[in-house]
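> okay, predicted coordinates and the sequence, questions at the end:
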Amino acid sequence: MEYDIIIGLEIHSELKTQSKVFCGCKNEFGGDPNTQCCPVCLGMPGTLPVLNKTALEYAIKAGLAMNCKISRFSKLDRKNFFYPDMPKAYQISQYDLPICYDGYVDIEVNGETKRIGIERIHIEEDAGKLVHDPYGQGTLIDYNRCGVPLIEIVTRPDIRSPEEARILFETIKSILEYTEVSDCRMQEGSIRADVNLSIRPKGTEAFGVRTEMKNLNSFRSVQRAAEAEAKRQAEVLRKGGVVIQETRRWDDNKGESFSMRGKEEAMDYRYFPEPDLVPIVVDDEWLESIKRSIPELPQSRRDRYINELGIPRYDANLITMNKRVADMFDAAVAVCGNAKTVSNWIMTDIMRRINDKGEAVLDSPLNGKRFGEILLFLEKGEITQASAKKVMDEVIETGAEPSEIIEKRGLKVQRDENLVLDAVRKVIQSNPQAFNDYVSGKEKAFGFLMGRVMGELKGKGDPAQVKEVLTRELQAASS
Amino acid sequence: MKLRELTLKETHDLLKAGEIGVVELTREYLDAIHENNPSINCYVTLCENEALNQAEEAQKRLSSGEENSALCGIPMGIKDNMCTYGVRTTCASKMLENFIPPYSSTAVDRLLKKGAVMLGKLNMDEFAMGSSTENTIFGPTRNPWNTEYVAGGSSGGSAAAVAANLAGFTLGSDTGGSIRQPAAFCGVVGLKPTYGLVSRYGLVAFASSLDQIGPLTKDVTDCALVMDEVVAHDPMDSTSVVWENGSFTEDLEKGVKGLSLGLPAEFFDSALDDGVRKAILKTIKLLEDQCASAQETALPGIKHAVPAYYLISSSEASANLARYDGIRYGHRSKAAKNIDEVYRLSRGEGFGREVKRRILLGTYALSSGYHDELYNKALKVRRIIANEFARAFEQFDVIIGPAYPTTAFKLGEKLEDPLKMYLSDIYTAGVNLAGLPGLVVPCGLDDKNMPIGIQLIGKPFSEKLLLRIGYAIEKAVGSFKALKNEGRA
Amino acid sequence: MATDVETIKKIAQLSALSINESELEGFAKDLDMIIGYMEQLSKLDTGDVKPMEHVLPLHNVLREDVPTHVNRREELMNNAPETANECFMVPSVVDA
């Protein structure tokens, strides 16, 4: 029995405002516990929320970037439940009149464009952080994060594979970065995804029972979790069982999910309109000014690379997916001049570093300018490919300028005709066996001699030049 | 004449003239509190040292001419549901028995900045839920006119303190009648302002869309003077409005000639006590004698004001009180062995019976399955009532009637039947539902020499008109001072 | 809409309120009476009147995105019953 997989994502992203959504506390990651709090975000008696204008505008911006309609009349609601990370025992969120609705995002899957519907985007407040006390006394609560503005993006269940889910998550993250409403630092937890998944027999229409996996914070885990869950549900059905509607916790280390049965289902949130906040009315003028403030989005940047710079679609997609990588690309091209070279090197070198070690390289001294400088040296033939890689490593490690490193390590390609000639002649003389082999037609001997000459030149020979001189000298010597 | 028997205005005049001093005034109030509070029990926290310090400061500012406010140097009492920096704020509940806020409510702050002297915090029904100030961990507040009777609620302490001359004025809060009813019971002036006029920041929330802070005073002029200082837009409160209509004292003496008064049949129903009815009608006659015109009208929606009010206020309260869990502040149960018990036991131990009743009612009304039928329905009735009032104000300048079906009842008399207690809010609750201003002024005594209050309801932001009519009534009937002498209380 | 002890237990659970066995009957009776009275509302024909959530015709009350607060940790935690390592503390919460 073959099954279709149906997936919907709920993505929570923190907005990078200066202050929290309902009070003036600093919105900043990593502060000392409970130092970025006030009576309002601690839910102390008698305190009241006041909505942050920028948070609202950022939410609208995100909605516009995802082709959503913007609610002209919208309001906030209380979502009531008890949990220690929520001081008021209700979260101020939006229930039936979200600020954005009915949008879409286009994703690239296997060279094809697919449209995924965005059901809604709404504003809400983040909760505090629970930390297990290392001395086992209990659970510690830090409310610094409590009250940070969040948008919740709910997609339609249009996703049909775990890979698509991953790509969608990447694409939405990319859009949020480009609109500059979020910094999307996954390692800081500022963007996370819930995966809703169900399966149905191929060819049927009705949706199956869906499960939910919450708070996945990497692209990889979204795909892995979806793959595992689709398999698990198929197994359940094959054995003649029924899929239970539940929330599951994904353990990325173990590569499996665990039921959190009994926790979420019975929850009656008793939503009602927030009486402490007044409704939001968005008029045309305001909407226009927000529209105008949206920077170039990934799709149009990608199209620009394809059309104006001749970068292949696949490459352009990958580069523009991450704004910081695209910015690095732009800066490097400005220095190096050759977009295709920069593109290739980003695809092979930078992307590899990111896959291996995360986005740390984008925070390193190897910025777009230096990257471009190194590639310029390469373009001009002044260093070899191998050297280029070495210089990049060293810039990342030490922060020194590429030209300094090339100078210090003497990496400039050796092109002095005389020195090359000397080296070639010396090698020919000291390797009579190889010389004879070459003369008698053994091609491999040439390679051997090349290697010796390069060694003689301490790897700084220009292979093309060495080849040319060696060939010439061998001809001369054998005639 | 004791200083504390003077009105706010009279006191201010003497202070300004230098004929009396703030410290001596404050001292007199404090001594009186020591002497009389045991029998009335309106103060639950006394701020003796702070008050005397504030008094000295206020005196300096008065003497130097730095502060001109009528409230500078006036001793006041604050209902214990308004947060006061560094001073215990309990809401008369075990849940907050030891809570010391590191912030103040905006309204109190404004008054302190103008030089008012805070004598202490006043008794109330727990979390403002009640009509008698008997639901309190501090024991009931007794009516100064007759200590076997209640002072009303939930701002019983606020009303009693004014009536017993234990404060120059007080602040109370009104969600369904909690300023107006105690004012009526204690023969003082009480005003629930239009929703949004006085900042709710720092007022411990009961029902967010209904709560308002307001003054309780010895007479109408005093009420206007307090309003002048306490009404202001507050950026910390999203539901706060801007007042741009000048001083509340401006129109006091304009008289009532040509004003039209509406008497809704629903306010004069069979539930209304005869003695109260007589006094109200007599007062209206006095106004007619001064060339106001009175006419019967109808507000049929009022019949449903009580259920709508209780559903909405309990629903909002169930959410507003959900934050009390003993984690960041407040009572934490010592018996709690896990997180679930921290919540359930702390709240079970910390809240009194009436509070629990309302939380249960509110949670029920909001729960899926009943949400539409109860909560949403109540919101629709709310609009109907608000519309009816609005239509009435097209025809009348003010709606006039009683504040409560009876005068003060005896302690313990109404505790057995919560529903009966709720039903008596019929004349006041609709005013909160519509966000309108409501003023109560004393207008007579019943045959037990207990005060009767008359209620004036106006359209939004019509406080100046209400005060003007109240002033006229006061002139004709005499303020509570005069009534006191008449009743020899 | 009969409100029995079972209902009270459920509602109490939703509101995180512990109610003694001895009090359950009393609350059930109270609420039955009160809710019974409220039922009159559901019989009322409210036509197509829209629910009134706010009494004021206010919209768009917004705050500029300027951080205003300072570190007030000590005074903010003064009322906390239990703290450790500059954090509020509760008994262990599973899957924290």
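In hand now; what should we look at?
> contacts only, for the residue most central in space within chain B.
Nearest to the geometric centre of chain B sits B:Ile179, at 2.1 Å (C-alpha atoms, centre = their mean). The contact partners of B:Ile179, taken as C-beta atoms under 8 Å, 6 or more residues apart in numbering or on different chains, are B:Ser155, B:Ser158, B:Ala159, B:Gly172, B:Ser173, B:Gly190, B:Leu191, B:Lys192, B:Gly214, B:Leu216, B:Val440. Where you see a C-beta, it was placed from the backbone N, CA and C, and this is true even at glycine.
> by mean pLDDT, flag the weakest helix or strand of chain C.
helix C:21-43 (a mean of 89; mean pLDDT, DSSP states H and E).
> quick one: it near chain B?
Yes - using C-beta under 8 Å from any C-beta of the partner chain, helix C:21-43 reaches chain B at C:Glu23, C:Phe27, C:Asp30, C:Leu31, C:Met33, C:Ile34, C:Ile35, C:Tyr37, C:Met38, C:Gln40, C:Leu41, C:Ser42.
> mind checking how far the residue lying closest to the second one once chain neighbours are set aside is from chain A?
The shortest distance from C:Phe27 to any residue other than its chain neighbours is 5.2 Å, reached at C:Ile8 (C-beta to C-beta, 6 or more residues apart in numbering or on different chains). With the distance defined as C-beta to the nearest C-beta, to the nearest Å, C:Ile8 ends up 16 Å from chain A.
> got the phi and psi for C:Ile8?
phi -60, psi -40 (degrees, to the nearest 10).
> ok, it - how many residues close by?
24 (other C-beta atoms under 10 Å in any protein chain shown).
> just A:Ile354 next, same as before
Residues near A:Ile354, counting by other C-beta under 10 Å: 17.
> for the residue lying farthest from the centre of chain C, give me its contacts.
The C-alpha centroid of chain C is most remote from C:Val66, which lies 30.6 Å away (C-alpha atoms, centre = their mean). With contacts defined as C-beta under 8 Å, 6+ apart, C:Val66 is in contact with A:Gln18, A:Ser19, A:Gly24.
> tell me the secondary structure for A:Val333?
Of the three states, A:Val333 takes helix under DSSP: H, G, I helix; E, B strand; the rest coil.
> that one and A:Ala339: what is the separation?
5 Å (C-beta to C-beta, to the nearest Å).
> the more surrounded of these two?
The neighbour comparison of A:Val333 against A:Ala339 (other C-beta under 10 Å) goes to A:Val333, with 23 against 17.
> wait, that one touches A:Glu373, no?
No - under the criterion of C-beta atoms under 8 Å, A:Val333 is not in contact with A:Glu373, lying 12.0 Å apart.
> which bits of chain C sit near chain A?
C:14, C:16, C:53-54, C:56, C:58-69, C:71-73, C:76-77, C:82, C:84-93, C:95-96.
> of these, which count as buried by neighbour count?
C:14, C:16, C:53-54, C:56, C:61-63, C:65, C:67, C:69, C:72-73, C:76-77, C:87-91, C:93, C:96 (16 or more other C-beta atoms under 10 Å in any protein chain shown).
> give me the subset of these that lies in helices.
Of the positions in those, C:Leu14, C:Arg73, C:Leu76, C:Met77 sit in helices, assigned by DSSP state H.
> got JSON lines for those residues, with pLDDT too?
Converted to JSON lines, these look like this (pLDDT from 0 to 100):
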{"residue": "C:Leu14", "pLDDT": "94"}
{"residue": "C:Arg73", "pLDDT": "94"}
{"residue": "C:Leu76", "pLDDT": "95"}
{"residue": "C:Met77", "pLDDT": "96"}
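> what's around A:Gly24, how many residues?
22.
> in three-state terms, label it for me.
Applying three-state DSSP: A:Gly24 is coil.
> which residue comes closest to it once chain neighbours are left out?
C:Thr68 is the one closest to A:Gly24 (C-beta to C-beta, 6+ apart), at 3.3 Å.
> so what does the least confident helix or strand of chain C touch, helix or strand wise?
In this structure, helix C:21-43 packs against helix B:305-320, helix B:353-366, helix B:377-395, helix B:418-423, helix C:5-14, with contacts taken as 3 or more C-beta pairs under 8 Å, 6 or more residues apart in numbering or on different chains; DSSP states H and E.
> now do the buried residues in the helix or strand containing A:Glu407.
Applying DSSP states H and E as the criterion places A:Glu407 in helix A:402-408. Counting neighbours by 16+ other C-beta under 10 Å, one finds that the buried residues in helix A:402-408 are A:Pro402, A:Ile405, A:Ile406.
> so where's the chain shaky on pLDDT?
By default, I'm working from chain A. For chain A, the stretches flagged by pLDDT under 70 are A:261-266.
> wait, chain B
B:1, B:480, B:483-489.
> switch to 80 and redo it
Applying pLDDT under 80 to chain B flags the ranges B:1, B:478-489.
> quick one, what contacts the residue of the stretch 1-150 of chain A found nearest chain B?
Nearest to chain B in the stretch 1-150 of chain A, going by C-beta to the nearest C-beta, is A:Ala89, at a distance of 3.4 Å. By C-beta under 8 Å, 6+ apart, A:Ala89 lies in contact with A:Gly43, A:Asn80, A:Phe81, A:Phe82, A:Tyr83, B:Ala319, B:Ala322, B:Arg323, B:Asp325, C:Ala16.
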